[in-house]
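A.B. asks: What follows is a predicted protein model with its sequence.
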Amino acid sequence: YDRSENRSPGKVESGSSLKAGGEIKWAINPNNILDLTFNTDFAQADADLQVNSVSQFSVFFPERRQFFLENASLFSPTIQMSVDGSGGLMHLQPFFSRSIGLDADGNPVPILAGGRFVNRSATKNYGAIIMRQQEQGASPATNFFVGRYSQNIGPQSRMGILSSVKNTPGASNITNTLDGFIRLGQTHSLNTMISHSYSTDTRQQGVAAMAQYFDSRTRYKLWLTQSVVSRNYDPQMGFVSRTDIIGTTPGINWYYRGKYLPFKKIIRAFEPAFIPEFYWRASTGKSIEQSWYFWPVWFNFQNGSYLGYSFVPTRQRLTQTFSPLGITIAPGVYNYALNWMMFSTDPSKVLTFTGDVRWGTY
């Protein structure tokens, strides 16, 4: 029921509508679960945070709808930055559930019906999602399909395949992905992915590949992320940070808790880091960006709070006009530096303060 006053002088407008729907969850047996939905409201999502993006990376907004959070680990193989900042800024996710039931601005689009089937066991996992999205405004009626199979190899490794199809009247976008996680030892791991997309209306196809190596130990964490994304790679049911790019991101986090650490009753660890990022244009091979993230200061305190400071010199070569926040920046070579400070007070207290402060030139 909607009621509004004074949209027209002295006039009260009201209206109402009725919508019926429902969901069924059937635990067929301990390994198989079937979800069916019709005319439900799980497309409704909380408002996203407003972000002023001044980088050339697409902003990733996390999924918050409960229906799609269930079994998300099965359907969303991904390579991205870890929570501790390791791994680099590139993000490749061939299937991202926010492509269903939400438009490009995060506004809900009605879903008529759909279903999800999942089988999980100790050796393999597989499943499928089928959805029918209603026509709304400029968005046509759309059918979505994603299928996934993952096979465990040994106690700590796996290989998997994923296929997704987005079908609209007169066009389909098809993405196929092969991914794997290999545990090379107690401290060494390799996460890999190669993906291919094809659009029937434009007949364009593209390829993306990423590999991420970690050496994680008690005293340090080393990594190297290598990515290649062609210009025409277009997973319309997925997410990719940048296209037409070759990225190389090495880095190290150092963890020191030794005897020379001062004020041990207050400071738990000193954890500086060095995280350089290098990017080239895939179609030309020319260098387009170098960023040197120096974190000379990062303290974790005994009460769970932290304090960090970073200095980031950057060199960018713009090959075409770039317009963040409506400000036009002409092609050319630019050098600038960023100062970055992050902090948090004791998270166990009733009231906690966190800060993310950045200043410098651009």
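C.D. replies: Looks like it came in fine.
A.B. asks: Return the backbone torsion pair for residue 219.
C.D. replies: phi -100, psi -20 (degrees, to the nearest 10).
A.B. asks: Please disregard the earlier target; I meant residue 99.
C.D. replies: phi -70, psi -10.
A.B. asks: which residue packs closest to it, ignoring adjacent ones?
C.D. replies: Excluding its sequence neighbours, the residue lying closest to residue 99 (CB to CB, 6 or more residues apart in numbering) is residue 237, at 4.5 Å. Where C-beta positions appear, they are placed from N, C-alpha and C, glycine not excepted.
A.B. asks: Likewise for residue 112?
C.D. replies: With sequence-adjacent residues excluded and distances taken as CB to CB, 6+ apart, residue 112 is closest to residue 132, at 4.6 Å.
A.B. asks: Check the model's average confidence along stretch 255-263 for me.
C.D. replies: For stretch 255-263, the mean per-residue pLDDT is 92.
A.B. asks: So residue 82 versus residue 291, what's the distance?
C.D. replies: 18 Å (CB to CB, to the nearest Å).
A.B. asks: Ok, residue 353 next?
C.D. replies: 28 Å.
A.B. asks: Tell me which of these two has more neighbours.
C.D. replies: Looking at residue 353 and residue 291 with other CB atoms under 10 Å, you find the greater number of neighbours at residue 291, namely 18 against 10.
A.B. asks: Any buried residues in stretch 166-186, and which?
C.D. replies: Neighbour-count burial for stretch 166-186 flags 166-168, 173-182 (criterion: 16 or more other CB atoms under 10 Å).
A.B. asks: Next: stretch 315-326.
C.D. replies: Neighbour-count burial for stretch 315-326 [16+ other CB under 10 Å]: 316, 317, 322.
A.B. asks: Show me what the last one is bridged to.
C.D. replies: With DSSP bridges as the criterion, residue 322 is bridged to residue 329.
A.B. asks: Contact partners for it?
C.D. replies: If a contact means CB atoms under 8 Å, 6 or more residues apart in numbering, then residue 322 has 56, 328, 329 as its contacts.
A.B. asks: I'd like to know how far the second one sits from residue 179.
C.D. replies: Which is residue 328. 39 Å.
A.B. asks: What of residue 293?
C.D. replies: Distance of residue 293 to residue 179, given as CB to CB: 27 Å.
A.B. asks: Residue 308: what's it in contact with?
C.D. replies: Residue 308 touches 295, 297, 298, 299, 341, 342, 343, counting by CB under 8 Å, 6+ apart.
A.B. asks: Name only those of those that count as buried.
C.D. replies: Buried among these by 16+ other CB under 10 Å: 295, 298, 299, 342.
A.B. asks: Just name the closest of the buried residues of stretch 166-186 to residue 273, please.
C.D. replies: Nearest to residue 273 among these, counting by CB to CB, is residue 181 at 23.8 Å.
A.B. asks: Does that closest one touch residue 153 like I think?
C.D. replies: No: using CB atoms under 8 Å as the test, residue 181 is too far from residue 153 to be in contact (9.2 Å).
A.B. asks: Using just helix, strand and coil, how would you label the residue most central in space within the chain?
C.D. replies: Nearest to the geometric centre of the chain sits residue 60, at 4.8 Å (CA atoms, centre = their mean). Following DSSP: H, G, I helix; E, B strand; the rest coil, we place residue 60 in the coil state.
A.B. asks: Would you check that it makes contact with residue 239?
C.D. replies: Yes: in this structure, residue 60 is within contact of residue 239 by CB under 8 Å, at 6.1 Å.
A.B. asks: any shared contact partners between these two?
C.D. replies: Shared contacts of residue 60 and residue 239, counting by CB under 8 Å, 6+ apart, come down to residue 91.
A.B. asks: hmm, who's touching the strand or helix carrying residue 195?
C.D. replies: Using DSSP states H and E, residue 195 maps to strand 188-199. Defining contact as CB under 8 Å, 6+ apart, one finds that strand 188-199 is touched by 77, 79, 92, 94, 171-184, 204-216, 232-236, 238.
A.B. asks: Neighbouring strands of that strand in the sheet, and parallel or not?
C.D. replies: Strand pairing (DSSP bridges) places strand 188-199 next to strand 171-183 (antiparallel), strand 205-216 (antiparallel).
A.B. asks: Show me what counts as buried in it.
C.D. replies: So, applying 16+ other CB under 10 Å, buried residues of strand 188-199: 189, 191, 192, 193, 194, 195, 196, 197, 198, 199.
A.B. asks: Dump that strand to CSV, restricted to CA.
C.D. replies: Extracted C-alpha coordinates of strand 188-199, given in CSV (Å, rounded to 0.1, in the frame of the first residue of the first chain):
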residue,chain,number,x,y,z
HIS,A,188,52.6,-23.5,-0.5
SER,A,189,49.3,-23.3,-2.5
LEU,A,190,48.3,-22.4,-6.0
ASN,A,191,44.9,-21.1,-7.1
THR,A,192,44.3,-21.1,-10.9
MET,A,193,41.5,-20.2,-13.3
ILE,A,194,40.9,-19.9,-17.1
SER,A,195,37.6,-18.6,-18.5
HIS,A,196,36.1,-18.1,-21.9
SER,A,197,33.1,-15.9,-22.8
TYR,A,198,31.0,-15.7,-26.0
SER,A,199,28.1,-13.4,-27.0
